[in-house]
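Novice: sequence and predicted structure, then a few things I'm wondering about:
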Amino acid sequence: MKRYLALFMTLALSVCGALTVWAGEADSSKEVLRVAANAEASTLDPSQTTDASSQQIFNNIFETLVYEDEEQNIVGKLAESYEQVDDTTYVFHLRQGVMFTNGEELKASDVVFTYTRDAESPKTASYFRDVESVTATGDYDVEIKLTQPSAPFLAGLTFASTGIVNQKAIEEAGENTGTEPVGTGPYKLQSWDKGVKLILERNEEYWGEKPVFRTVEVTAVPEGTNRTIELESGNVDIALEIPVTDLSRIRDNESLQLLEQPARATTLLGMNCSKAPLDDVRVRKAISYALDVPAIVAAIKGDTAEIAYSEISSNMKYYKEITESHEYNVEKAKELLTEAGYEDGFEISILCDEKKENLDVATIAQQFLQMVGITVKINTMEFATMCSEAYAGNSELFIVGWGSGTMDPDTVLFSCFHSSNAVEGGNNWARYVNPEADELLEKSRVVFDDAERGEVYAQIQDLLAEDCPWINLWVRKYFVGIGPNVESMVMDPNSCYSYYKVK
């Protein structure tokens, strides 16, 4: 086993040293910011998708009523101010004089139209699940009533896909809403040659601070090393999603900077608690004890990821680090298997997609589990097919990455562990059902005191560590390379980059 892990260690990239910041002066004569993205936007209609590549563009064309600042406070954006009138009523007061890029002024009717449309879209409906009504009480005032108190409600409104659209523009666009975006943001769409390049143009009528760059050219370059080469050659100013194999190339180049940001996403080994023998918590704990998670993470990710000590990532609110959840103890694993009646072991399958690092996890886990008598078959398939199998409840063990679009843990914890979602098509792939967990998850939604809510989430994370429906592996990091034409860029834990903030 040591020899096996050593092989993976030698293959893993050794990344060391502090971030070196390029100290040269940016070329202020340049008016074009050139970006190599890892994937192209699928649509420019925010209610129609939640994929990261599209949200990077949404974040520059559209704006939300509220947003999350760098201290994780929810503050007004298009809403100049807001107040919570009672447990289920919010009132938002819009900025006056804010113009859409079609010349229409932002009005409360646009907010009502946007949120009504979002609530009817399968992609964004979950963010409006508790909304009873959205009403314009004046040209610049919006009242939202909920069916029940919802502590995570405001956080959901910070999500890029809930950006405010113009009613007239959407109605006039008809079937072309995905290619004719009209927002209030600092940039507007100049052109989009699909499969080639998307160009954003500075919105000269923007109500806030205008961007430094007149235009932003975004080109999809799917192959990671090609993005690195484009940056090194000076063909682009920003390269997103630098692969770990290229990190040293960026760090060693004095003309470039490497930026990094822990993501709000964890990679995990999940267990279907509805299927024997995984319906026995002793078996799930035995599997956990049998895996040396720090060694696995070191072998596969080096220092390009953090070990995950919770189901939520370390940069989310109410995160609790539970280090004992990764105790490696082969003897304990064998004892628990004997107690559960599996002293001779059993056979089980791991479901994963074809992504190399996920397959590496499955392969190393297979070796570790063999040491305690568990024989593992690895089933790999295309990602969409794998998801279909897991949504249908057909998995036993499964490897997947799971993230949150906001800093509120409800997006992950309620979605993945409440019994109401342990159904076909639900996000509770682990089919985890525990009345105590349900009670705590429901309580977390109606407690508004920050300290008390933190205590509830600490109990939830403790309970999950004890019941072990997931074995948390790592929190991934986003790596972005920037060239000499860029002085600074604000990173984002959801990879929703704000090109208008690039200096």
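Specialist: Ah, there it is.
Novice: so in this structure, where's the weakest helix or strand by average pLDDT?
Specialist: Lowest on mean pLDDT, DSSP states H and E among the helices and strands of the chain sits helix 2-11, with a mean of 41.
Novice: check which helices and strands the very next helix or strand once past that one is in contact with.
Specialist: Per DSSP states H and E, the first helix or strand lying C-terminal to helix 2-11 is strand 32-37. If you count contacts as 3 or more C-beta pairs under 8 Å, 6 or more residues apart in numbering; DSSP states H and E, strand 32-37 packs onto strand 215-220, helix 224-232, strand 238-239. Glycine gets a C-beta too; all of them are placed from N, C-alpha and C.
Novice: how about the CA coordinates for stretch 369-379, as PDB?
Specialist: In PDB, the C-alpha atoms belonging to stretch 369-379 read as follows (Å, rounded to 0.1, in the frame of the first residue of the first chain):
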ATOM      1  CA  LEU A 369     -10.800  -1.400   1.300                       C
ATOM      2  CA  GLN A 370      -9.200  -4.600   0.100                       C
ATOM      3  CA  MET A 371      -7.100  -4.500   3.200                       C
ATOM      4  CA  VAL A 372     -10.200  -4.900   5.400                       C
ATOM      5  CA  GLY A 373     -11.800  -7.600   3.200                       C
ATOM      6  CA  ILE A 374     -14.000  -5.400   1.100                       C
ATOM      7  CA  THR A 375     -13.800  -6.100  -2.600                       C
ATOM      8  CA  VAL A 376     -14.600  -3.100  -4.800                       C
ATOM      9  CA  LYS A 377     -15.700  -3.000  -8.400                       C
ATOM     10  CA  ILE A 378     -15.200   0.400 -10.100                       C
ATOM     11  CA  ASN A 379     -18.000   1.500 -12.500                       C
END
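Novice: the lengthiest strand in the chain packs against which elements?
Specialist: Longest strand in the chain, counting residues (DSSP state E): strand 257-271. Under the contact definition 3+ C-beta pairs under 8 Å, 6+ apart, strand 257-271 sits against helix 247-251, helix 356-370, strand 397-403, strand 470-482.
Novice: cutoff 7 Å now
Specialist: Applying 3 or more C-beta pairs under 7 Å, 6 or more residues apart in numbering; DSSP states H and E, we find strand 257-271 packed against helix 247-251, strand 397-403, strand 470-482.
Novice: buried residues in the first one, which are they?
Specialist: Looking back up the chat, that one is helix 247-251. In terms of neighbour count (16 or more other C-beta atoms under 10 Å), helix 247-251 has its buried residues at 247, 249-251.
Novice: from the chain's centroid, how far away is that helix?
Specialist: Between the centre of helix 247-251 and the centre of its chain there are 25 Å (C-alpha atoms, centre = their mean, to the nearest Å).
Novice: the lengthiest helix in the chain vs strand 470-482, what angle?
Specialist: Ordering each helix of the chain by length in residues (DSSP state H) puts helix 450-467 first. Inter-element angle recorded for helix 450-467 and strand 470-482: 120 degrees (by axes from the mean of the first three to the mean of the last three C-alpha atoms, to 10 degrees).
Novice: only C-alpha atoms, please: export helix 450-467 in PDB.
Specialist: What follows is helix 450-467, C-alpha atoms only, in PDB (Å, rounded to 0.1, in the frame of the first residue of the first chain):
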ATOM      1  CA  ASP A 450     -26.600  34.200  13.800                       C
ATOM      2  CA  ALA A 451     -25.100  32.600  16.800                       C
ATOM      3  CA  GLU A 452     -28.000  30.300  17.400                       C
ATOM      4  CA  ARG A 453     -28.100  29.300  13.800                       C
ATOM      5  CA  GLY A 454     -24.400  28.500  14.000                       C
ATOM      6  CA  GLU A 455     -25.000  26.200  16.900                       C
ATOM      7  CA  VAL A 456     -27.700  24.400  14.900                       C
ATOM      8  CA  TYR A 457     -25.400  23.900  12.000                       C
ATOM      9  CA  ALA A 458     -22.600  22.700  14.300                       C
ATOM     10  CA  GLN A 459     -25.000  20.000  15.600                       C
ATOM     11  CA  ILE A 460     -25.900  19.000  12.000                       C
ATOM     12  CA  GLN A 461     -22.200  18.600  11.000                       C
ATOM     13  CA  ASP A 462     -21.600  16.600  14.200                       C
ATOM     14  CA  LEU A 463     -24.500  14.300  13.400                       C
ATOM     15  CA  LEU A 464     -23.400  13.800   9.800                       C
ATOM     16  CA  ALA A 465     -19.900  13.000  11.000                       C
ATOM     17  CA  GLU A 466     -21.300  10.400  13.300                       C
ATOM     18  CA  ASP A 467     -23.800   8.900  10.800                       C
END
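Novice: helices or strands up against that helix?
Specialist: Judged by 3+ C-beta pairs under 7 Å, 6+ apart, the packing partners of helix 450-467 are helix 435-446.
Novice: what distance separates the helix it packs on from the centre of its chain?
Specialist: In terms of C-alpha atoms, centre = their mean, the centre of helix 435-446 is set 23 Å apart from its chain centre.
Novice: can you give me the buried ones in it?
Specialist: Neighbour-count burial for helix 435-446 flags 437-438, 440-441, 443-445 (criterion: 16+ other C-beta under 10 Å).
Novice: out of these, which two sit at the greatest distance?
Specialist: Using C-beta to C-beta, the pair of the buried residues of helix 435-446 lying farthest apart is 437 and 445, separated by 13.2 Å.
Novice: hmm, back to that, reformat the helices and strands packed on strand 32-37 as JSON lines; add mean pLDDT, mean neighbour count and distance to residue 408.
Specialist: What follows is those, written out as JSON lines (pLDDT from 0 to 100; neighbours: other C-beta atoms under 10 Å; distance: least, C-beta to C-beta, whole Å):
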{"stretch": "strand 215-220", "mean pLDDT": "96", "mean neighbour count": "20", "distance to residue 408": "29"}
{"stretch": "helix 224-232", "mean pLDDT": "95", "mean neighbour count": "20", "distance to residue 408": "31"}
{"stretch": "strand 238-239", "mean pLDDT": "97", "mean neighbour count": "28", "distance to residue 408": "29"}
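Novice: export the ones you listed as JSON lines, with columns for distance to residue 100.
Specialist: Listed next are those as JSON lines, based on distance: least, C-beta to C-beta, whole Å:
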{"stretch": "strand 215-220", "distance to residue 100": "19"}
{"stretch": "helix 224-232", "distance to residue 100": "33"}
{"stretch": "strand 238-239", "distance to residue 100": "27"}
